[in-house]
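**Student:** Following is a predicted model, sequence given first.
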Amino acid sequence: MVKLTDVAALAGVSTSAASRVLSGDATVRVSEATRERVLDAARHLDYVPNHAGRSLRTSRSSTIALVVPDVTSAVFAELASGADQEAAARGLAIVLGRAERLHDDDDWLRRMLGESRIDGVILQLPEGIEPVELDAMVASETPIVIINSSDDGPLNTIVLDDAAGIRTAVDHLRSLGHERIGLVGGRADHATARRREGGFRSAMRDDALPVRDEWITRLGYAGADGRSAIDELERRGPLPTALVVANLNAALGVLAAVHTRELRVPNDVSIVALHDVWYADATWPPITTVRMPLRELGAAAVARVADEHRTVTHTTIDSPAPLLIVRQSTAAPR
């Protein structure tokens with residue numbers, strides 16, 4: 001990581017002089033040759049000025065970026081609400097960004113940190129990007145917290161207890177008498193999907209239920225992925241009597257796909273989904289969900305960025321515990 005002191009050392013000037021030259025301070029008393037030497041050193045070292053590298057306690061920007069895969073999703077609205085409440089209590093502001101940009105421009109985050117005067121970043125990784133890849137992109141001292149993604153690695157992480165959420169769903173279906181239970185999961189290259197599938201397999205074993213690989217899909221969390229999951233399950237054979245869907249957005253696609261086959265929910269197949277937002281109660285039938293502590297996750301992430309600890313930590317938000325919200329999409333099997 002290139003620092004201002006590195007630029008100053010290469011140019012043979014003080015750190016203060018290098019800072020004023022790079023910030024465009026016209027009042028700094030240096031010769032044109034010295035100015036060029038500082039600029040050449042910065043270019044040679046690929047230095048990006050870090051306007052946000054100061055402590056949040058003295059920063060002039062007081063702004064934290066919340067970067068998530070889909071800024072329009074109601075699931076992320078819960079997260080953003082918790083983050084905004086904690087930020088307001090600390091005199092900070094939240095700005096939203098779309099994490100999918102990392103697929104198209106892997107230097108975007110580095111530029112944002114170096115040029116946009118952001119004091120910290122809370123980032124939920126999109127599918128297909130791991131924290132180790134992100135670490136190579138970032139050349140900044142700005143605090144970064146990875147949320148709802150990986151639970152290890154070189155950067156700070158905060159995650160939900162995904163396994164406990166899925167276990168809550170499985171236990172509910174088991175209590176209704178279901179034994180033929182499938183999982184509509186996320187992509188295998190995403191850490192949350194791996195934790196949720198692991199939680200599903202563990203819960204099924206603990207409930208003495210068979211885990212059948214042909215009843216598990218790994219296509220993603222979008223509505224279209226839920227539709228495709230039903231297509232795939234149907235090609236493999238008869239549908240199970242119940243499905244745990246690892247994301248509520250995918251559950252909308254599952255519900256639509258089941259309806260187009262003239263099957264009935266929950267008579268022919270029960271559905272329970274992870275996460276609970278307003279539209280879970282606006283479908284037909286309304287979807288049984290497991291409410292996860294998204295607000296608490298957002299608040300914890302802001303606190304972590306604002307406190308700006310230098311030690312990397314990996315935290316799981318397990319309080320409050322996942323909460324089952326029973327609606328009409330689940331019932332005893334026929």
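**Tutor:** Arrived safely, thanks for sending.
**Student:** who's in contact with residue 73?
**Tutor:** When the contact criterion is CB atoms under 8 Å, 6 or more residues apart in numbering, the partners of residue 73 are residue 249. Glycine gets a C-beta too; all of them are placed from N, C-alpha and C.
**Student:** Please apply the same query to residue 35.
**Tutor:** Residue 35 makes contacts with residue 21, as judged by CB under 8 Å, 6+ apart.
**Student:** in the strand or helix carrying residue 79, what counts as buried?
**Tutor:** When secondary structure is defined by DSSP states H and E, residue 79 falls within helix 74-89. Of all the residues in helix 74-89, those buried under the rule 16 or more other CB atoms under 10 Å are 75, 76, 78, 79, 80, 82, 83, 84, 86, 87.
**Student:** Restricting to C-alpha, output it in PDB.
**Tutor:** Output of helix 74-89 as PDB, limited to C-alpha atoms (Å, rounded to 0.1, in the frame of the first residue of the first chain):
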ATOM      1  CA  ALA A  74     -36.300  -4.300   0.000                       C
ATOM      2  CA  VAL A  75     -34.000  -6.700   1.700                       C
ATOM      3  CA  PHE A  76     -31.200  -4.200   1.500                       C
ATOM      4  CA  ALA A  77     -33.600  -1.500   2.600                       C
ATOM      5  CA  GLU A  78     -33.800  -3.200   6.100                       C
ATOM      6  CA  LEU A  79     -30.000  -3.200   6.200                       C
ATOM      7  CA  ALA A  80     -29.700   0.400   5.100                       C
ATOM      8  CA  SER A  81     -32.200   1.500   7.700                       C
ATOM      9  CA  GLY A  82     -30.200   0.000  10.500                       C
ATOM     10  CA  ALA A  83     -27.000   1.600   9.100                       C
ATOM     11  CA  ASP A  84     -28.600   5.000   8.700                       C
ATOM     12  CA  GLN A  85     -29.900   5.000  12.200                       C
ATOM     13  CA  GLU A  86     -26.500   4.200  13.700                       C
ATOM     14  CA  ALA A  87     -24.800   6.700  11.400                       C
ATOM     15  CA  ALA A  88     -27.200   9.500  12.400                       C
ATOM     16  CA  ALA A  89     -26.500   8.800  16.000                       C
END
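**Student:** Quick check: mean pLDDT of that helix?
**Tutor:** Averaged across helix 74-89, the pLDDT comes to 88.
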